[in-house]
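Peer 1: Test case, fold it:
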Amino acid sequence: MLKFVDRMTGAPVKEAYCDRGYRGHNHTGDTIVHIAGNKRGMTRSLRKWLRRRCAIESIIGHLKSDNRIDRNYLKGAIGDTINALLCGCGANIRKLIAAFFLSVEFIVEMCEKLARNLMKTGAMKLQPYRNVA
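Peer 2: Below you'll find the predicted structure:
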């Protein structure tokens, strides 16, 4: 996998942060492989990177379940790329929609509080509806 990343990016990987499933691959090269779960010799920076990796794994898991990317229906390497990009776009659109509705809900709630306060103080009185026609 590290050779594939080297080939795709054109730059050698200096450090790789892996889970316990990567044990036994006996990677030979200049890359330093850090495996999660080792308690000895962990610096603060190393713990930070491993926590970051765990956060990314959970996001990928949610993307797989939310976007149903258990199976890719698009053909070839281009299909894999398109599928990943569309899943990311879908996740971002869901975030935007949620933020929009939260902001609308917040504005409506503030208007209701303002109206209640004005009615309590007597600054605003509701007039009965009259049909003018």
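Peer 1: As a check, name the ranges of all strands in this protein.
Peer 2: Using DSSP state E, the strands of the chain run over residues 15-18, 32-35.
Peer 1: List the buried residues of the last one.
Peer 2: When neighbours are counted by 16 or more other C-beta atoms under 10 Å, the buried residues of strand 32-35 are found to be residue 33. No exception for glycine: its C-beta is placed from N, CA and C like everyone else's.
Peer 1: residues contacting residue 31?
Peer 2: By C-beta atoms under 8 Å, 6 or more residues apart in numbering, the contact list for residue 31 reads 2, 12-16.
Peer 1: Drop anything exposed from these.
Peer 2: 2, 13, 16.
Peer 1: Quick check: closest non-adjacent residue to the second one.
Peer 2: Using C-beta to C-beta, 6 or more residues apart in numbering and skipping the chain neighbours, the partner closest in space to residue 13 is residue 31 (4.9 Å).
Peer 1: Tell me which other helices or strands the top helix by length along the chain touches.
Peer 2: Determined from DSSP state H, the single longest helix within the chain is helix 76-121. Contact here means 3 or more C-beta pairs under 8 Å, 6 or more residues apart in numbering; DSSP states H and E; on that basis helix 76-121 packs against helix 44-66.
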